[in-house]
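Novice: let's see this in three dimensions:
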Amino acid sequence: MIGPLFRSPRRGPRSEPREPGTRRRTKNLLVDMLEYLIAPLGRWEKQRLVIETVEIPIAGLGAAFDGYRIAFLTDLHTSPLVPRWWLERAVEQANALRPDLIALGGDFLDDDPHYIAALADILRPLRAPDGVVGVLGNHDHYVGAQGVREELVEAGVRELFNSAVILERRGDRLAIAGVGDLDNDVIDFDRAVSAIPSDVPRVVLSHDPDVFAWWPPKRRLDLMLAGHTHGGQAYLPLVGPPYVPSQFGFRFLKGLMRDGDRQVYVSRGVGVSGAPFRWGCPAELTLVVLRPRHS
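Specialist: Next up is the predicted model:
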């Protein structure tokens, strides 16, 4: 592949939150109109939801967490383009994996705020022994972050907004943290992991994988789970995906990447945005299996 024809502009973590302005609201309205027009072109009965099982070694992971299973769902993009039955099927399949924890990577909605009201009903059936956690994505802010947060609470999803939860099993510990959205939130790296002792392995949820490049060198990061890119969503011959919503092009397009002791896994996501189909890039439900890393 020769690289994306278009990519996101250069940007780093924000020092102040950003509220969607008139330009964004106008774009949402135009996109809504377009989505309703092109939605009938979608053929979801022909799409595939691929379960990607990936074993990831984590330094210092205790024996009690060897084989710990995380079902990772991201980029549902509830909208006219993504039928509700497709999302409900993804939820059923996530439960069928019998994970220890379910993690949600954001972009629960696309661009139409009318779909917020359906979110809790879609997510409520999710079940795992250690619960369901998640973060918000950029599109959740476009449609109304407060409304999305209220639906998550109603569905029993714990949002990890620059915060963490520490799990314990037979004396071993594992931390699951989350950060805000790169485009719209303030990302407070210190606050997100300050409550985690330095010897405790940690998995961090971030909607946008570009956050991986900005992670402070002195802050431990074992694994980041992200979405946002849709894996490109559609592949052209030779070129690959013409647009990647990342300032780093194909670097964080999809799959597992390593940078020294740090790792990031980018899911292709469950839904779509901008077009009612995927081409050469099937939707994904990820099962992450943690293993101790032996040096």
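Novice: quick one: the strands in this protein?
Specialist: With DSSP state E as the criterion, the chain has strands at 6-7, 49-58, 68-73, 101-104, 132-134, 157-159, 163-169, 172-178, 202-205, 223-226, 243-244, 255-259, 262-266, 283-292.
Novice: TSV for these, including distance to Ala90?
Specialist: Bear in mind the C-beta positions are built from the backbone N, C-alpha and C, glycine included. TSV is the format used below for those (distance: least, Cβ to Cβ, whole Å):
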stretch	distance to Ala90
strand 6-7	28
strand 49-58	6
strand 68-73	6
strand 101-104	11
strand 132-134	13
strand 157-159	15
strand 163-169	23
strand 172-178	20
strand 202-205	17
strand 223-226	16
strand 243-244	23
strand 255-259	19
strand 262-266	17
strand 283-292	6
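Novice: nearest to Leu29, of the ones you listed?
Specialist: The closest of these to Leu29 is strand 243-244. By Cβ to Cβ, the value is 21.3 Å.
Novice: how many neighbouring residues does Asp66 have?
Specialist: If you count neighbours by other Cβ atoms under 10 Å, Asp66 ends up with 13.
Novice: phi, psi of it?
Specialist: phi -70, psi 120 (degrees, to the nearest 10).
Novice: once you drop chain neighbours, what's closest to it?
Specialist: Nearest residue to Asp66 in three dimensions, chain neighbours excluded: Pro292, at 5.6 Å (Cβ to Cβ, 6 or more residues apart in numbering).
Novice: OK, contacts around the one you found?
Specialist: Pro57, Ile58, Gly60, Leu61, Gly62, Ala63, Asp66 (Cβ atoms under 8 Å, 6 or more residues apart in numbering).
Novice: give me the buried entries from these.
Specialist: Buried by 16 or more other Cβ atoms under 10 Å: Ile58, Gly60, Leu61, Gly62, out of these.
Novice: those residues into a markdown table, with extra columns for pLDDT and distance to Arg258?
Specialist: Listed next are these as a markdown table, based on pLDDT from 0 to 100; distance: Cβ to Cβ, whole Å:
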| residue | pLDDT | distance to Arg258 |
| --- | --- | --- |
| Ile58 | 98 | 12 |
| Gly60 | 96 | 16 |
| Leu61 | 98 | 16 |
| Gly62 | 97 | 22 |
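Novice: show me which of these is closest to Gly269.
Specialist: For the buried ones among the contacts of Pro292, the minimum distance to Gly269 (Cβ to Cβ) is 23.5 Å, reached by Ile58.
Novice: who's in contact with the closest residue to Arg158 other than its chain neighbours?
Specialist: Closest residue in space to Arg158, ignoring its immediate chain neighbours: Val133 at 4.9 Å, by Cβ to Cβ, 6+ apart. By Cβ under 8 Å, 6+ apart, the contact set of Val133 is Leu101, Ile102, Ala103, Leu104, Val157, Arg158, Glu159, Leu160, Val165, Ile176, Gly178, Leu205.
Novice: compare those residues and tell me which is most surrounded.
Specialist: The most crowded member of the contacts of Val133, judged by other Cβ under 10 Å, is Leu104 (32 neighbours).
Novice: look at that one and report its pLDDT.
Specialist: The model reports Leu104 with a pLDDT of 99.
Novice: that one: what's it in contact with?
Specialist: Applying Cβ under 8 Å, 6+ apart to Leu104 gives the contacts Phe72, Leu73, Thr74, Leu123, Val132, Val133, Gly134, Val135, Val157, Leu205.
Novice: from those, which two are the most distant?
Specialist: Leu123 and Leu205 (15.2 Å).
Novice: quick one on the thing from earlier: need the buried ones among the contacts of Pro292 in TSV with distance to Leu238, can you?
Specialist: Shown next, in TSV, are the buried ones among the contacts of Pro292 (distance: Cβ to Cβ, whole Å):
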residue	distance to Leu238
Ile58	37
Gly60	43
Leu61	41
Gly62	46
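Novice: for the biggest helix by length in the chain, name the packing helices and strands.
Specialist: If you go by DSSP state H, the chain has its longest helix at helix 22-38. Packing partners of helix 22-38 (3 or more Cβ pairs under 8 Å, 6 or more residues apart in numbering; DSSP states H and E): helix 138-143.
Novice: related to what we said a few turns ago, so which of the strands of the chain is nearest His141?
Specialist: His141 sits nearest to strand 157-159 of all those, at 13.0 Å, using Cβ to Cβ.
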